[in-house]
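In: Okay, here's the prediction I keep looking at, along with the sequence it came from:
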Amino acid sequence: MKQGVWWFFSVLGVLIASSMPTTASSSLTFTAVAVDSDARAGVRGRIYAGSTSILTIGGRGERSLTDAMEVARRLNVLAEDGLRADEITVRKERRAHAIIARGTPIVIVDQGLAKGHNTSSAHLAKAWAKNLQGQFGRPYLSIRALVVPVGETRTAPLHGNIVGRPRLIVESPMITASYNAGQGAIDVLGIAPGRSELGIFDDRSSLKVPVWTAKYAGHISASLHAVVTGNPASVDVIGEAVRAVAAAHLYLEPGAWGTIVPWLQEITPLSSGISSTVPVRVTASGEDYLPYRARPTVQVRNDRLVTNNPVEVLFVSNSPERLLSHGLWFEGSLRNHGTARLLYHHVNGSGVRSELVFELWNLGEREEHIHIMAGTGGPSPDESWAGHRAMQQFMRRRVREVGWMAPVKPGTAVPILSQSITPGATASGVLELRLSSENNLRIRCWLARPRLAWLPYTIRSYLPSPTLGRWQYPNPRQELRARYIVGREWAFITVGDQKAIGTKEEDTLRGAYGVIHDIELELINPTVEPADVAIMMEPGGGAARGALIVDRKVVEAALITRDQEATLARYHLMPGAVQRVRIEIMPQGGSNYPVRLFARPI
């Protein structure tokens, strides 16, 4: 083999061997390099302990160097663990001999390998074992890698053949270190983040050990408390409450990120006044931080709260309906409002998978606890279906008063809802918030790139959106009454024909989307015969759907178009009977309102 080729393989072997990851430091190190051979045998791999040749592997073609590098790696691991010379033996295995260290083979010497050295496998194995025993019998020092959390102490056993009492030299203010003679180990205390070196010396050897001191990426309390409402509170809402509380108490270092995963597999719906314990898996990571893992528990209690008080203000996030880029698209001020509702309906026009994120910004000086009731729909290419699914979920939660409490600390922005939205698809939803009337909160809607988790963050600065105050409608509730008398004309009620009037001049909301229509319908049978009456729904213009509460039960109307109608409820009235029917309906995103409800005989 030519000298230039030999040099190439030698350098390649050194580079590969030196790039192998190490988990410790040792003054005894092994290196595999390529050495010259004849053309038929190919390259050989030679292993050195420092500058001393220990063994050479050949006759295996290109595998010779690879096998030598693996043997060097194993020897380095053993040196780092403080292997002694008397722990190295030779064992016969069929027609080969193995060099064993602590019961594990280091290298197998077969007949082919021995032939390349013009000897037997037994003789070659014994010679190599003797070389290794000589190296591991000499004085050397070894210690595990030192990664020390700031403010904590880590103890690492000092291995090797130690001569005299070890001495330490610390030249960095980031750590302090001492020798623990009782354990034969080094104690290192982390003072500040950074990378430094610890010098270890005995009477014959010296070793410089890299030490990394770092903060954990985050931390969280071991025990937390969350509140839900509902009769009962569903498992998914319990999960929302757990995430909200855990996120509020998870501290992340600057630039770090985290995840919160409630363990809900064994959780059942929670009745009023009952508590349950939910375990949570919390992680935090970040560049130049130590990874953080915790398993706190959250005590969840279902408390009876007043959730049916009238909503004071309605926000509508729908202009524009199609969002063409990532950024802030809506903001509303919750200041001086005790209750608020947000209806949103958006199409992802950015061309990439995104997330629609809603945040509460606390610009005040005290922590707020917000009760949230939400319904979401989509993503779906059918905007009518997305709007209907959102209203369906919201009405089901509304009738059972299902929601969760979210803490919002001062000076923080807290994501309260995030919804994945594929390109061209529609996401729709309804949020109701109950909060202190003296708050200083903002609610914001973003279209953003997907994240592993959306967590609270500190507000560094605040610039109000130019749209603040638009699409804001006070007192979003209409009371309607009607009466149907058997044998007379049908009773008709139109929903969504009156525009909602905004706080800004000329801001009107056609269709009254997001406005609760509270209907009291009286059915009277003055005849001497029983009568059957149906309550129906028909479109007032284009195609529409509906999710209504009729006598405390959620009723759905499938997609109806012109000249179609949907049956919402039926009543059997005895002679002289009077039936009062209570209906709640809200015009929903993706449907054409107004619609008409009517009562007629069957």
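Out: Perfect, thanks for sending it. Quick caveat: nothing in here was measured; it's all calculated off a predicted structure. Residues are numbered from 1 along each chain as shown.

In: contacts and neighbour counts: CA atoms only from here.
Out: Will do.

In: lowest-pLDDT helix or strand in the protein?
Out: The helix or strand of the chain with the poorest confidence is helix 3-18; it has a mean of 32 (mean pLDDT, DSSP states H and E).

In: In the stretch 451-600 of the chain, what residue spans correspond to helices?
Out: Per DSSP state H, counting those that start in this stretch, the stretch 451-600 of the chain carries no helices over any range.

In: V211 against E197, yeah?
Out: Yes: using Cα atoms under 8 Å as the test, V211 is close enough to E197 to be in contact (5.6 Å).

In: what is in contact with the two at once?
Out: Common contact partners of V211 and E197 (Cα atoms under 8 Å, 6 or more residues apart in numbering): none.

In: Can you tell me the closest non-neighbouring residue to I100?
Out: T89 (5.2 Å; Cα to Cα, 6 or more residues apart in numbering).

In: Would you mind splitting the chain into its domains for me?
Out: 3-138, 141-214, 220-228+236-302, 313-473, 477-601 (automatic domain parsing).

In: Give me the neighbour count for R570.
Out: For R570, the neighbour count with other Cα atoms under 10 Å is 15.

In: List the contacts of the closest residue to it other than its chain neighbours.
Out: Counting by Cα to Cα, 6+ apart, R570 lies nearest to A534, which is 4.4 Å off, once chain neighbours are set aside. By Cα under 8 Å, 6+ apart, the contact list for A534 reads 567-571, 599-602.

In: What of H225?
Out: By Cα under 8 Å, 6+ apart, the contact list for H225 reads 245, 298-301.

In: one step back: give me the buried subset of the contacts of A534.
Out: Those of the contacts of A534 that meet the buried threshold are 567-568, 599-601, by 16 or more other Cα atoms under 10 Å.

In: Does E312 touch R335 like I think?
Out: No: in this structure, E312 is not within contact of R335 by Cα under 8 Å, at 11.4 Å.

In: Roughly how far does the closest residue to V581 other than its chain neighbours sit from E438?
Out: Counting by Cα to Cα, 6+ apart, V581 lies nearest to L521, which is 5.0 Å off, once chain neighbours are set aside. Note on L521: its distance to E438, by Cα to Cα, to the nearest Å, is 37 Å.

In: So for the two, which sits in the more crowded spot?
Out: Higher neighbour count among L521 and E438: L521, with 22 against 13, using other Cα under 10 Å.

In: Is the more buried one bridged to anything, and to what?
Out: A482, V581 (DSSP bridges).

In: so what's it scoring on pLDDT?
Out: As predicted, L521 sits at a pLDDT of 98.

In: what's the answer for V150, then?
Out: Taken from the predicted model, the pLDDT recorded for V150 is 97.

In: burial of it, as a residue count?
Out: Here the number of neighbours of V150 (other Cα under 10 Å) works out to 20.

In: and it, backbone torsions?
Out: Note on V150: backbone dihedrals following degrees, to the nearest 10 are phi -60, psi 130.

In: Okay, and the beta partners of it?
Out: Legend: beta-bridge partners of V150 under DSSP bridges are G190.

In: How about H346?
Out: Going by DSSP bridges, H346 is paired in beta bridges with A427.

In: measure it to E383 for me?
Out: H346 is 9 Å from E383, by Cα to Cα.

In: residues shared between the contacts of the two?
Out: Common neighbours of H346 and E383 (Cα under 8 Å, 6+ apart) are 426-427.

In: from the buried ones among the contacts of A534, which single one is nearest L65?
Out: L568 (79.9 Å; Cα to Cα).

In: hang on, isn't the closest one packed against A558?
Out: No: using Cα under 8 Å, L568 makes no contact with A558, being 10.2 Å away.

In: which residues are common contacts for these two?
Out: Common contact partners of L568 and A558 (Cα under 8 Å, 6+ apart): none.

In: residues contacting L252?
Out: 217-219, 258, 284.

In: Go again with 7 Å.
Out: Contact analysis of L252 by Cα atoms under 7 Å, 6 or more residues apart in numbering lists 217-219.

In: and it, what pLDDT?
Out: 95.

In: The one 3 residues further on too?
Out: According to the prediction, G255 has pLDDT 93.

In: How about the one 10 residues further on?
Out: With respect to pLDDT, Q265 scores 94.

In: so which of the contacts of H225 would you say is closest to T376?
Out: Distances from T376 to these, taken by Cα to Cα, are shortest for V245, at 21.0 Å.

In: Tell me the secondary structure at that closest one.
Out: The three-state label given to V245 by DSSP: H, G, I helix; E, B strand; the rest coil is helix.

In: name the element the closest residue to it other than its chain neighbours belongs to?
Out: Distance criterion Cα to Cα, 6+ apart; nearest residue to V245, sequence neighbours excluded, is A226 at 6.1 Å. Assessed by DSSP states H and E, A226 sits inside strand 223-229.

In: That strand pairs with which strands, and in what direction?
Out: Using DSSP bridges, the strands paired with strand 223-229 in its sheet are strand 297-302 (parallel), strand 403-408 (antiparallel).

In: contact partners of the first one?
Out: Residues outside strand 297-302 that contact it (Cα under 7 Å, 6+ apart): 222-229, 242, 270-280.

In: now those: which count as buried?
Out: Neighbour counting with 16+ other Cα under 10 Å marks 224, 226-229, 242, 270-272, 275, 277-280 as buried within the contacts of strand 297-302.
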